[in-house]
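Asker: This is the structure alone, sequence omitted:
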């Protein structure tokens, strides 16, 4: 009986190994497919695509858009995504529509800053992607300066000024609680597309944290630009797409969950499942083998006892 069970188990063992290998290969192919999604880069001489999501930003958009249009980097495109503003924001933007560097995308309904940025990234053709919020602005040399340090890098990080003028303290993300922002850096588009990195879309604030965390988890090559007086000017207003307040702090737990969850890729899950299954099969195999050996030893002892009795009776 044990011999039959062992034979069946051996067949099941081979079957499970074969099944696990197939699943492993499928997982690997699925991950490659995900990584290659939108991975083919459109040939372009654009070095940086600057994305500006806007919503009811009439008071600030002229300065914000102007700082993008005045960039000294010639190979640049500016993509403005209007998230269905109800004021005259779009009218102000359209004054610049004849500028060949400018792409204007007007959404038919309000969808949030995360989706607006994701739409802008899909429309981008630049080697790198930068972001400016509608109430912020950048030094006119900002993107040319960052691009100078971008060779063989996936991300170049600059410096931002928080406040209204240069007398305000200059801070890096590591020194300020507004960590996870994306506005003071440029991001290689090929790297973003390879790993299908997007902004979070299920909250009004915190989308930057999801994007930055997902990007950094893929071990990018990062450069930090030196302080040469070329800054991104971070502002804050009520209702801003980048207004970090109580709502942001309330979402910290959700963001942490997203960061942890994103670490478990399909490939990793498949690999773990394969290892667990293999260990289970080995353990069961060892137990059955021990049981078989025990039964064989028991049968051998019985045979030896019977032989001994026969010898005694014969004598």
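Answerer: Happy to help now that I have it. Being a predicted model, the structure only gives us computed values, none of them experimental.
Asker: Quote the end-to-end distance of stretch 214-228.
Answerer: This stretch, stretch 214-228, spans 29 Å end to end (CA to CA, to the nearest Å).
Asker: Just the residues contacting it, thanks.
Answerer: Under the criterion CB atoms under 8 Å, 6 or more residues apart in numbering, residues 145-146, 148-150, 152-159, 170, 187-188, 191-192, 195, 197-198, 259, 262-263 lie in contact with stretch 214-228. Bear in mind the C-beta positions are built from the backbone N, C-alpha and C, glycine included.
Asker: ok, of these, which come out buried?
Answerer: 145-146, 150, 153-159, 187-188, 191-192, 195, 197-198, 259 (16 or more other CB atoms under 10 Å).
Asker: Which of the contacts of stretch 214-228 fall in strands?
Answerer: Those of the contacts of stretch 214-228 mapping onto strands are 155-157, 170, 187-188, per DSSP state E.
Asker: So for those residues, which is the shakiest by pLDDT?
Answerer: Note: of the ones in strands among the contacts of stretch 214-228, the lowest pLDDT belongs to residue 170, at 49.
Asker: Please parse the chain into its domains.
Answerer: Following automatic domain parsing, the chain resolves into domains at 2-34+267-314, 38-263.
Asker: and residue 92, backbone torsions?
Answerer: When read as degrees, to the nearest 10, the backbone of residue 92 gives phi -70, psi -40.
Asker: wait, doesn't it sit right on residue 63?
Answerer: No: using CB atoms under 8 Å, residue 92 makes no contact with residue 63, being 10.7 Å away.
Asker: So which of the two has more stuff around it?
Answerer: residue 92 (18 against 14; other CB atoms under 10 Å).
Asker: Please determine how far that one is located from residue 80.
Answerer: Here residue 92 is placed at a distance of 10 Å from residue 80 (CB to CB, to the nearest Å).
Asker: Can you get me a residue count around residue 279?
Answerer: Residue 279, neighbours per other CB under 10 Å, totals 10.
Asker: all helices for the stretch 51-200 of the chain, in order.
Answerer: 61-69, 89-94, 113-123, 142-147, 189-194 (DSSP state H, counting those that start in this stretch).
Asker: now for the longest one, which elements pack on it?
Answerer: This points to helix 113-123. Counting contacts by 3 or more CB pairs under 8 Å, 6 or more residues apart in numbering; DSSP states H and E, helix 113-123 is packed against strand 48-54, strand 76-82, strand 102-106, helix 207-216.
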